[in-house]
Each structure stands twice: as C-alpha cells, then as structure tokens.
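> Could you look at this predicted model? Sequence included:
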Amino acid sequence: MIELDNVGYNYGGGELLTNVSAQLSPGSFHFLTGPSGAGKTTLLKLCYGALSPTSGRVRAFNMDVKGLDRNQMALLRRRIGVVHQDCRFLDHLPVKENIALPLTVAGKDLSQEQDNLQELLNWVGLSERAHANPPELSGGERQRAALARAVILSPEVIIADEPTGNVDWEMSQRLLQLLVELNRMGKTILVATHDLALIRAAKNQVQTRVLRISDKRLQLAGADL
Ligand SMILES: Nc1ncnc2c1ncn2[C@@H]1O[C@H](COP(=O)(O)OP(=O)(O)OP(=O)(O)O)[C@@H](O)[C@H]1O
C-alpha cells in the first residue's frame, strides 16, 4: 500500500531522517514510535504525500508520490484518511458538518449520505454530540470526531498522529478499539504514538509491528515492547 525506499528528509537544517525503508502491506497495523522531535509526524506526512522526500522514494498504491499531479494527489488523499495530531475543526460548524466536510470536498450529495453519517456518529459514540460545536467537545470527543472525519470516505489506509495524546486511559482504550475494528475490516493502519502501554494493549488484540525512529533511522522494535 505504502512503500518507503531509502527515504531521507531534511527541513533545511541537516538531515532529520536518513535511509528510511518500510512497507505497509494491505491490512497491516503498524505503530511508529520514537522520542519527541525524532521525526514521527514528518514520516507520516511523507507517507500521505504532504511532504516529498529529499532523497529516496515514497510509493503509495504503486504510484510515486512525488510525481503526482493535483488530481492524483486529491485521489490519494481520499484513499488515505488522516487523523492529525492537533485535530483542527471549523469551530463555527457543528460536529456532524465537520465530519461531513470530506464528503462535500469530494463533491458528494450530502442528502444521500445521511445514513452513512449517522452510522459513523453512532460508531464513534457521538450521535448525542452531532449538533455541538467543536469548542464544546472534550479531548476524547475531538479525537473520535477526527477519526470519524478521517474514515468518512472509506479510505483503505488510516494514518493517526498521537490519537491518544490528550485523553485518559479509558478513552485511549476506546480509541484503540475503533482502530482495531477498522483493521479487522481490512484497513491498513499506521499510528504514531509515545504511548507504549497503548502499543502493548493493541498487541493483545491484533497483530502489529512497531517501528521506531532512532538516530534518524527507522528500526523494527523488538518483542520486548
Ligand atoms: N515545517 C518545519 N520546518 C522546520 N523544521 C520542522 C518543521 N516541522 C518539524 N520540524 C522539526 O523537525 C523535527 C521533527 O519534528 P516532528 O514533528 O516530525 O517530530 P515528532 O517525532 O513527531 O515529535 P513529537 O513526538 O514531539 O510530536 C523537530 O525538530 C521539528 O522542530
């Protein structure tokens, strides 16, 4: 699905990532970990085409991400759902409309999508909050709304950046459960996290691989996690 081949990345102040190679095969569940500032968010951005590698190659769905034109990039974004670290919303729009935004951008007729939207709101446990505005949501509700928005177009890959960063243990388990369910539905999952307890909890439920950025390079973490 996504393949990194000897990828290097440099924001201009020296190489941040070097010789990074990895493959996310269909239906796999990967965690990405490493110290703060190691380059996890950067690596995720390289995977979904928000950044182009300084060296090496990123391929998504057998296409070189670097050479994509606007239309191809828009298509790529529909196939990869992203939950951003800061999960921003349009604060003046209710939760339901925020979740529906990718449908609008994709030119879908919202009146045809109401059942789909309601099902998704139920799935993330936000049907009661559908008409609230984002500033009224708790951290866990924001994360679940962001996940719903990321999956509304049924992407094949879901990339989540610290989805449990600001929530308590119970809520992080609930979010994990949603990601596990998506994986069981056949979705390919990539989650950046500092939370080793979350990784251990996931390992009890699904087969996962843990990648760690250490000293600019990507390594497969050992079974000790
Ligand atoms: N747009 C940018 N321009 C310049 N430097 C950047 C930019 N974005 C990130 N960096 C730097 O790149 C390094 C890696 O950042 P990144 O956000 O990828 O790390 P991270 O592992 O996700 O960190 P954290 O766990 O704290 O979220 C940091 O030193 C950061 O300051």
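Ah, there it is.
> The protein: helices as residue ranges?
40-47, 70-79, 95-105, 114-123, 139-151, 169-184, 196-203 (DSSP state H).
> Quick check: which of those helices is nearest to residue 1?
Proximity to residue 1, assessed across these by Cβ to Cβ, is greatest for helix 70-79 (8.7 Å). (Each C-beta comes from the backbone N, C-alpha and C, glycine too.)
> which secondary structure elements does the closest one contact?
Judged by 3 or more Cβ pairs under 8 Å, 6 or more residues apart in numbering; DSSP states H and E, helix 70-79 is in contact with no other helix or strand.
> contacting residues around the residue nearest the centre of the chain?
Nearest residue to the geometric centre of the chain (Cα atoms, centre = their mean): residue 159, 1.9 Å. By Cβ atoms under 8 Å, 6 or more residues apart in numbering, the contact list for residue 159 reads 44, 47-48, 80-83, 190-191.
> so can I have JSON lines of the helices of the chain showing mean neighbour count?
Formatted as JSON lines, the helices of the chain follow (neighbours: other Cβ atoms under 10 Å):
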{"stretch": "helix 40-47", "mean neighbour count": "22"}
{"stretch": "helix 70-79", "mean neighbour count": "13"}
{"stretch": "helix 95-105", "mean neighbour count": "19"}
{"stretch": "helix 114-123", "mean neighbour count": "14"}
{"stretch": "helix 139-151", "mean neighbour count": "23"}
{"stretch": "helix 169-184", "mean neighbour count": "17"}
{"stretch": "helix 196-203", "mean neighbour count": "16"}
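> closest to residue 55 out of those helices?
helix 40-47 (11.4 Å).
> any bit of the closest one sitting next to the ligand?
Yes - using Cβ under 6 Å from any ligand atom, helix 40-47 comes into contact with the ligand via 40-42.
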